[in-house]
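K.L.:
Could you work out the structure for the sequence below:
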Amino acid sequence: MTTNLLGGGTRLKTMWRLSWPAIMEQILSTMVSYVDTAMVGVLGAGATAAVSVNAASLWLISGILAGVGVGYSVQVSNAIGAGDDSLARDVIRQGILGTLVCGAVSLVIFQILAGYIPLWLGAKPDVLPHAAAYLRYYTLAMPWIAASAIFSAILRCMGNTKAPLIFNTLANLCNLALNCLFIYETRTVRLLGRAVTVPGAGLGVEGAAIASALSWTVAGSALLFIGLRQGDRFRVRFAEGLRPNRAIIRMAVYLGLPSALERATINLGQIALTALVASIGTVALAAHQIANTAEGLCYLPAYGISYAGIALVGQSVGARSKEDAKAFGSLAALAALILCTVLAVLLFLFAPMLSALFNTDPAVVREAALMLRIVCFAEPPFALSIVLSGTLRGAHDVRFPMATGLVCMWGVRITLALVLVGKAGLGLAGVWIAMSADLILRGVLCTLRWHGEKWVKKCGL
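P.N.:
Numbers count the residues shown, from 1 in each chain. Now for the predicted structure:
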């Protein structure tokens with residue numbers, strides 16, 4: 001293995017060294033999101049619906065920002081693999097400009113449209129005021145959300161997967177603490193046998209949004225700072241200039257735009273599904289959100305492994321090593337498949353208990369548990385699609401994942417859901433059956449693409 005790649009030792013050790021912090025980050029973030037959802041869920045199905053109706057639009061912007069992160073982070077990994085430290089620093093500086101532009105534009109858009117988006121997504125009249133306020137407060141942190149997304153990607157492709165773990169986890173813990181302060185009224189609790197008064201602002205759903213915004217500000221600021229100070233080799237010196245570099249921006253657009261469009265395609269589909277679910281009723285919408293949150297338990301290791309896969313394949317491409325690129329990509333896919341299969345079995349077995357953690361309404365819990373048992377069979381192929389989409393991007397094969405996302409989301413998931421809900425009358429179950437068909441097909445297509453090796457020509461190996 002070339003010395004330009006991340007670290008030394010065997011491929012398995014290198015993959016594990018980069019994967020475990022990213023996997024832990026995903027696990028801890030998901031566990032915290034479970035508690036976060038449960039804290040809002042205590043307020044009732046209406047509060048859960050006010051948060052969940054905004055989830056798809058927040059996924060949309062997160063997906064676009066992730067695409068921007070791909071555009072810069074893959075270039076960083078290629079430059080490191082090629083041993084070009086100066087180019088790596090140039091890309092990081094351009095990442096700062098990308099962060100500023102994306103953060104400012106998304107902030108303005110959400111503040112203007114916050115009162116309309118929940119309405120477009122089918123929020124009921126009793127839910128709409130809280131849903132609009134939640135979105136407005138949450139998106140005040142968009143510049144820092146952009147910094148977190150873009151610089152987490154850059155740091156991972158530089159081999160620093162621990163900083164995103166530390167600061168994103170810290171932000172999530174901060175979110176929990178602030179939730180206690182902002183969501184609930186001042187109350188008395190028993191602690192070690194003594195009555196303790198816990199202060200609270202009693203802001204409900206709006207308090208949850210404020211807590212999230214402040215937490216994102218902490219994470220984004222920290223990751224941006226760390227990204228600019230990665231040792232002497234990659235430390236950004238503003239004396240070298242911060243003017244736009246057309247070549248880097250063009251490559252960022254080439255690499256990142258298809259990824260952003262893929263995520264946008266998927267998330268727009270999720271928005272359409274959210275509107276469809278909202279038309280079924282408040283209980284269905286709350287169950288849909290809870291099941292979506294709990295489902296992350298299965299595929300979160302795949303995202304952690306995919307971060308390592310992108311970095312290692314990207315650096316292998318920069319080092320002109322086809323053997324390493326192919327080996328790292330296949331190893332990442334196999335690891336994700338094994339882990340996610342085990343977790344899918346556990347999800348099926350413990351679906352009712354998991355759903356009950358997030359809501360006290362028996363109808364919501366029963367519906368969410370059924371959705372989890374439907375989708376668990378699709379989780380292993382979905383894990384393959386997550387990892388292999390990432391490794392394909394690291395090899396500059398960025399259009400195939402976009403086309404796959406478009407076909408599977410709109411040609412399979414949306415079309416089939418409309419038939420199963422509208423014609424077959426399956427309700428929320430029809431939506432999740434359609435989702436499972438989409439995820440399975442996506443995994444099959446990405447696996448065939450990787451083993452067909454058309455990506456080799458895309459990256460010039």
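K.L.:
Strands of this structure, residue ranges please.
P.N.:
Assigned by DSSP state E, the chain shows strands spanning 185-191, 194-201.
K.L.:
If you count contacts, what does the last one end up packed against?
P.N.:
In this structure, strand 194-201 packs against helix 162-182, strand 185-191, with contacts taken as 3 or more C-beta pairs under 8 Å, 6 or more residues apart in numbering; DSSP states H and E. For every residue, glycine as well, the C-beta is placed using N, CA and C.
K.L.:
Nearest to A351, out of those?
P.N.:
Closest to A351 of those is helix 162-182 (C-beta to C-beta; 23.8 Å).
K.L.:
ok, back up a step: which of the helices and strands packed on strand 194-201 sits most buried?
P.N.:
helix 162-182 (a mean of 19; mean count of other C-beta atoms under 10 Å).
K.L.:
which secondary structure elements does it contact?
P.N.:
Using 3+ C-beta pairs under 8 Å, 6+ apart: helix 162-182 touches helix 11-41, helix 142-157, strand 194-201, helix 205-227.
K.L.:
need the contact list for the closest residue in space to L58 that isn't next to it in sequence.
P.N.:
Counting by C-beta to C-beta, 6 or more residues apart in numbering, L58 lies nearest to Y138, which is 7.1 Å off, once chain neighbours are set aside. Residues counted as contacts of Y138 (C-beta atoms under 8 Å, 6 or more residues apart in numbering) are N54, L58, A209, S212, A213.
K.L.:
returning to that earlier point: buried deepest among the helices and strands packed on helix 162-182, which one?
P.N.:
Buried most deeply of these, by mean count of other C-beta under 10 Å, is helix 142-157, with a mean of 28.
K.L.:
I'd like the mean pLDDT over it, please.
P.N.:
Average pLDDT, helix 142-157: 93.
K.L.:
got the angle for that helix vs helix 205-227?
P.N.:
Inter-element angle recorded for helix 142-157 and helix 205-227: 40 degrees (by axes from the mean of the first three to the mean of the last three C-alpha atoms, to 10 degrees).
K.L.:
Okay, angle between helix 142-157 and helix 11-41 too, please.
P.N.:
160 degrees.
K.L.:
name the helices or strands packed onto helix 142-157?
P.N.:
helix 55-81, helix 85-113, helix 162-182, helix 205-227, helix 282-318.
K.L.:
and it, how far out from the chain's middle?
P.N.:
From the chain centre to the centre of helix 142-157 is a distance of 12 Å (C-alpha atoms, centre = their mean, to the nearest Å).
K.L.:
ok so, going back, tell me which of the helices and strands packed on helix 142-157 lies nearest to T447.
P.N.:
Closest among these, using C-beta to C-beta: helix 282-318, at 13.2 Å.
K.L.:
closest one to A49 among the helices and strands packed on helix 142-157?
P.N.:
helix 282-318 (4.8 Å).
K.L.:
before we move on, back to that, could you dump the helices and strands packed on helix 142-157 to TSV with mean pLDDT and distance to V431?
P.N.:
Supplementary listing: the helices and strands packed on helix 142-157 in TSV, determined by pLDDT from 0 to 100; distance: least, C-beta to C-beta, whole Å:
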stretch	mean pLDDT	distance to V431
helix 55-81	89	13
helix 85-113	94	25
helix 162-182	88	28
helix 205-227	92	24
helix 282-318	88	7
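K.L.:
can you list the ones you listed in TSV and add distance to A239?
P.N.:
Shown next, in TSV, are the helices and strands packed on helix 142-157 (distance: least, C-beta to C-beta, whole Å):
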stretch	distance to A239
helix 55-81	20
helix 85-113	11
helix 162-182	24
helix 205-227	18
helix 282-318	26
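K.L.:
Relative to F234, which of those is closest?
P.N.:
Between those, helix 85-113 lies closest to F234; by C-beta to C-beta that is 5.7 Å.
K.L.:
How about that closest one, which residues are buried there?
P.N.:
87-99, 102-103, 106-107, 110, 113 (16 or more other C-beta atoms under 10 Å).
K.L.:
And it, what does it pack against?
P.N.:
Using 3+ C-beta pairs under 8 Å, 6+ apart, helix 85-113 is in contact with helix 55-81, helix 128-138, helix 142-157, helix 205-227, helix 231-234, helix 246-280.
K.L.:
at 10 Å what do you get?
P.N.:
For helix 85-113, the packing partners by 3 or more C-beta pairs under 10 Å, 6 or more residues apart in numbering; DSSP states H and E come out as helix 55-81, helix 117-120, helix 128-138, helix 142-157, helix 205-227, helix 231-234, helix 246-280.
K.L.:
mind putting these in TSV, distance to A417 included?
P.N.:
TSV is the format used below for the helices and strands packed on helix 85-113 (distance: least, C-beta to C-beta, whole Å):
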stretch	distance to A417
helix 55-81	14
helix 117-120	18
helix 128-138	22
helix 142-157	28
helix 205-227	27
helix 231-234	46
helix 246-280	6
